[in-house]
Each structure stands twice: as C-alpha cells, then as structure tokens.
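Novice: just a sequence and a predicted model for now, questions to come.
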Amino acid sequence: MTFSDDDIVKLCKEHGLRLTGPRKVIMQVLAESEDHPDAVELHRRVTKISPGVALATVYRTLALLEEKGVLERHQFGDGRARFESADQEHHDHLINVETGDVIEFRSDEIERLQEEIARQHGFDIVSHKLEIYVKPRKKRRKKAT
C-alpha cells in the first residue's frame, strides 16, 4: 500500500472520514509498512513521528479503516490482530510459528486447485484465505562414514 498525501485525503473523502493529524500519520505509517503490523507495533512506529498519538487512537483508526473496507484484519494464531491494505491483489500467507514472520505468496496452481475442489462439490468460490503455518526445516547432520 503506497499513499501520497493526496491519496490519503482522497481516500478519507471517499469513505466519509474526517482527516485528522493522527489519522494521517497512522495511514502514512501503514502505507509504508511492508509487513503486517498489529496495533501496538503500529503505535510504536507512529509515535516516532508524532509522539502525542495515543494507542487508543491507533485502535480506533484501525477499526474505522477496517469497517470502511480500507484495511483487512488477519489473525495469524498469535493472538494479535494484524492489518494490511484491502486493495492488494489476492495473495496467501505463510506464517512462521517460531518468529511470527508473515510471508506473502501467490500460486496459480493452488488457486486452480481450490476452484476445482469447489466445483467438484457444486460450489463457486466467493472468497477465501489461505494461511499456512510453518517452521524452519531443521538441518540434518551428515552421518560419519
């Protein structure tokens, strides 16, 4: 998600949102995020730019942006709600259970298989999310000869 100041103003107008100073900073930080920050991490980043922004303001803004369809909320099994832009091209997620890192990926083969499975059962896919929880492979030791 990449927003210029004009994009943020336009987005707020389109969704009937008042553009406050804190909201603008929050949206800018979200736009620059290459990961899926939760509210606490977002607040940490926002207060580096604007120290007076309260955590409650971040929570309210995230809820509002989600309600308006600007953001998508994810629960990746660690108890934290994380966010990303809702206007991204469809993708799936690998979640590293040891580090919490989230890797986005897209596979045409997986998409085709999902469509085929739905069709075999008499359905059309309306929406879906694929989250694969992973851990790094352990390196195997070579046997002594």
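Specialist: Arrived safely.
Novice: use CA for all of it now, contacts and neighbours both
Specialist: OK.
Novice: which stretches of the chain form strands?
Specialist: Using DSSP state E, the strands of the chain run over 71-75, 81-85, 92-96, 102-105, 131-134.
Novice: just name the most buried of those.
Specialist: strand 81-85 (a mean of 20; mean count of other Cα atoms under 10 Å).
Novice: report the central residue of this structure.
Specialist: The chain has E84 as the residue nearest its centroid, 2.7 Å off, counting by Cα atoms, centre = their mean.
Novice: that one pairs with what?
Specialist: E84 forms beta bridges with E72, as assigned by DSSP bridges.
Novice: quick one: it from P22, how far?
Specialist: According to Cα to Cα, to the nearest Å, E84 stands 18 Å off from P22.
Novice: same question for R141.
Specialist: 53 Å.
Novice: and these two? Which one has more around it.
Specialist: P22 (20 against 6; other Cα atoms under 10 Å).
Novice: and the pLDDT for G52?
Specialist: What the model reports for G52 is a pLDDT of 92.
Novice: could you do D87 as well?
Specialist: pLDDT at D87 comes out at 68.
Novice: same question, R82
Specialist: pLDDT, R82: 79.
Novice: correct me if wrong: it contacts R73.
Specialist: Yes: judged on Cα atoms under 8 Å, R82 makes contact with R73 at a distance of 5.7 Å.
Novice: of the strands of the chain, which is nearest G52?
Specialist: strand 81-85 (22.1 Å; Cα to Cα).
Novice: ok, now which ones touch the nearest residue to A54 once chain neighbours are set aside?
Specialist: Computed as Cα to Cα, 6 or more residues apart in numbering, the closest residue to A54 that is not its neighbour in sequence is H43, at 7.6 Å. Counting by Cα atoms under 8 Å, 6 or more residues apart in numbering, H43 makes contact with 53-55, 58.
Novice: most neighbours, which of those?
Specialist: V58 (22 neighbours).
Novice: distance of it from G21?
Specialist: 12 Å.
Novice: what are the phi and psi angles of G100?
Specialist: Main-chain dihedrals, G100, degrees, to the nearest 10: phi 80, psi 0.
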